[in-house]
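> just the structure for this:
(one chain, ligands or ions: 2)
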Amino acid sequence: MAEPKKLFIKTYGCQMNVYDSERMAEALGASGYVQTAAPEEADMILLNTCHIREKAAEKVYSELGRLKPLKAAKPGLKIGVAGCVAQAEGEEILRRQPLVDLVVGPQSYHRLPDLEARAGQGQRAVETEFPAEDKFDHLPARPKPRRGPTAFLTVQEGCDKFCAFCVVPYTRGAEVSRPVARVLSEARDLVERGVREITLLGQNVNAYHGAGPEGGDWSLARLIRELAEVDGLERIRFTTSHPNDMSDDLIEAHGTCEKLMPYLHLPVQSGSDRILKAMNRSHTAEQYLRVIERLRAARPDILLSGDFIVGFPGEEEADFQATMDLVRAVEYGQAYSFKYSPRPGTPAAERAGVSVEVMDDRLQRLQTLLNQQQRARQEAMVGRNVRVLFEKQGRAPGQLVGKSEYLHAVHVIAPDSALGESRAVRIAASAPNSLAGELLAG
Ligand code: 5AD
Ligand code: SF4
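Ligands and ions are numbered 1, 2, ... in the order given. Have a look, this model is predicted:
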């Protein structure tokens, strides 16, 4: 039997890219590839790229430059660029970097085996169309080997919101939801293979409106309720959400659906109505706070996470203070904050920016506050009982690491037999980025 060919994938950016990389590996599995963690032994290298903030394309070109010696040592090595930089740059990548064999945008991954075969015949290829068909329908079914207890599952892709700073509507295209039946069968398949927790993914996942089995569209809340019926699936999460799509039924699901975990990533970007308007967010700070209030009424212990941008064009100190006020009002348990980065082709890229010094200063002040909140929330877990879904071995002997309902990493001395299972744990201590706990009976 022929030696399998080896595939190395480097994934940048968001969780959707992590999911896409898995599916690309499966698609190429049908062409005889197995994955390797060592780029030097690969027959094919794929960079699954991210374009969300600046210098992404430049980073890809320098990473490609570093692959030159590998290609020189193994002339048959195929090199591909996938993801959002591939979508945004297209042909330009082939022009600028002769060692690239193929460029494939996020909506065309089902074409990978074909592109790979063409590369084998010395044809360089670019595929960045937005085809009408669902790429997932054309990817092979996942093979059956057992896998770890957590998995991502993309249910929705693309965005129609057009926030003034964001490239997503251009790189991932218009919003598309996968049909309910497809999602359910993929979820059941994952559970059969050992998965206990599924995170539903979408750029605007709570705008999900997939075709139901009997016609009519289903909301995300209805999809979650149906998934909760799958035996063996213990936990459901979803990300990323938009405040305007936090519908009543989804908020209610946080109070009534036991399998839906008490954690929500709900980006707001800014606390200033003037800046929110300039960002084309179509909600105010007050509307966001009302959504949070309703979520907490439904599920008082829910842990909230957010995204923030400082230094958006036109942001004054008073606007930044409004962001700090909003953060104080919400008390986040987790957060991501960024300096504004102009993205070519987006409306805000044309506007005069805030100086780098001011941005640095604001980011630092915001992160200090967010870190304090995160630490306080984590420390408040000490003494409490949680359930931990164990994912892997820890660094210390006999130690396992898993996640609590609130997505805190928890280190526990526990037998290997607990791997892949969730167990009751008492939290004993809080470290900077994780918790330590003791196994309880049951
Ligand atoms: N500059 C800075 N941050 C950005 N994000 C998206 N686009 C930009 C940009 N141009 C951030 C937003 C978004 C997260 C995924 O990345 O906060 O929610
Ligand atoms: Fe980008 Fe806004 Fe769409 Fe989120 S909602 S993907 S920030 S355009």
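> going forward, measure contacts between C-alpha atoms and count neighbours the same way
Noted.
> report the contact partners of M279.
Applying CA atoms under 8 Å, 6 or more residues apart in numbering to M279 gives the contacts C163, A164, F165, A348.
> return only those of the residues you listed found close to ligand 1.
F165 (CA under 6 Å from any ligand atom).
> just the contacts of M279: which are in helices?
Among the contacts of M279, no member falls in helices (criterion: DSSP state H).
> of the contacts of M279, closest to ligand 1?
F165 (4.4 Å; CA to the nearest ligand atom).
> hmm, the closest one is touching R343, no?
Yes. If you go by CA atoms under 8 Å, F165 and R343 touch, sitting 6.8 Å apart.
> between these two, point out the one with more neighbours.
Comparing F165 with R343 by other CA atoms under 10 Å, the one with more neighbours is F165, at 24 against 19.
> which residue sits closest to the more buried one, ignoring its sequence neighbours?
Nearest non-adjacent residue to F165, counting by CA to CA, 6 or more residues apart in numbering: A348, 5.4 Å away.
> show me the shaky parts of this protein.
Residue ranges of the chain with pLDDT under 70: 1-2, 132-144, 442.
> quickly list the domain ranges of it.
Following automatic domain parsing, the chain resolves into domains at 5-127, 135-379, 385-439.
> check whether the second one comes near ligand 2.
Spelled out, that is domain 135-379. Yes. Applying CA under 6 Å from any ligand atom, one finds domain 135-379 in contact with ligand 2 at C159, K161, F162, C163, C166, V168, P169, Q203.
> gap between the fifth one and ligand 1?
It refers to C166. 4 Å (CA to the nearest ligand atom, to the nearest Å).
> surely that residue touches T346?
Yes. If you go by CA under 8 Å, C166 and T346 touch, sitting 6.5 Å apart.
> which of the two has more neighbours?
C166 (24 against 17).
> give me phi/psi at the more buried one?
phi -110, psi 140 (degrees, to the nearest 10).
> can you tell me which residues contact it?
I52, R343, T346.
> what about those residues, which are in helices?
Using DSSP H, none of the contacts of C166 sit in helices.
> helix/strand/coil for V103?
Assigned with DSSP: H, G, I helix; E, B strand; the rest coil, V103 falls in the strand class.
> and it, how many neighbours?
If you count neighbours by other CA under 10 Å, V103 ends up with 29.
> hmm, back to that, and the contacts of M279 as JSON lines, adding distance to E214?
Conversion of the contacts of M279 to JSON lines gives the following (distance: CA to CA, whole Å):
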{"residue": "C163", "distance to E214": "34"}
{"residue": "A164", "distance to E214": "38"}
{"residue": "F165", "distance to E214": "39"}
{"residue": "A348", "distance to E214": "43"}
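> on that earlier part again, now, of the residues of domain 135-379 next to ligand 2, which are buried?
Among these, those that count as buried by neighbour count (16 or more other CA atoms under 10 Å) are C159, K161, F162, C163, C166, V168, P169, Q203.
> for those, which one is nearest G83?
V168 (11.3 Å; CA to CA).
> now do the same contact list for that closest one.
I52, G158, C159.
> all strands of the stretch 151-300 of the chain, in order?
For the stretch 151-300 of the chain, applying DSSP state E, counting those that start in this stretch gives strands covering 156-157, 176-177, 197-201, 209-211, 217-219, 235-239, 263-265.
> which parts of the longest helix along the chain are buried?
Scanning the chain for the helix with the most residues, using DSSP H, yields helix 356-379. Of the residues in helix 356-379, 359, 362-363, 366-367, 369-371, 373-375, 377-379 count as buried by neighbour count, 16+ other CA under 10 Å.
> which secondary structure elements does it sit against?
Identification of packing neighbours for helix 356-379 by 3 or more CA pairs under 8 Å, 6 or more residues apart in numbering; DSSP states H and E yields strand 303-310, helix 317-330, strand 334-339, strand 422-430.
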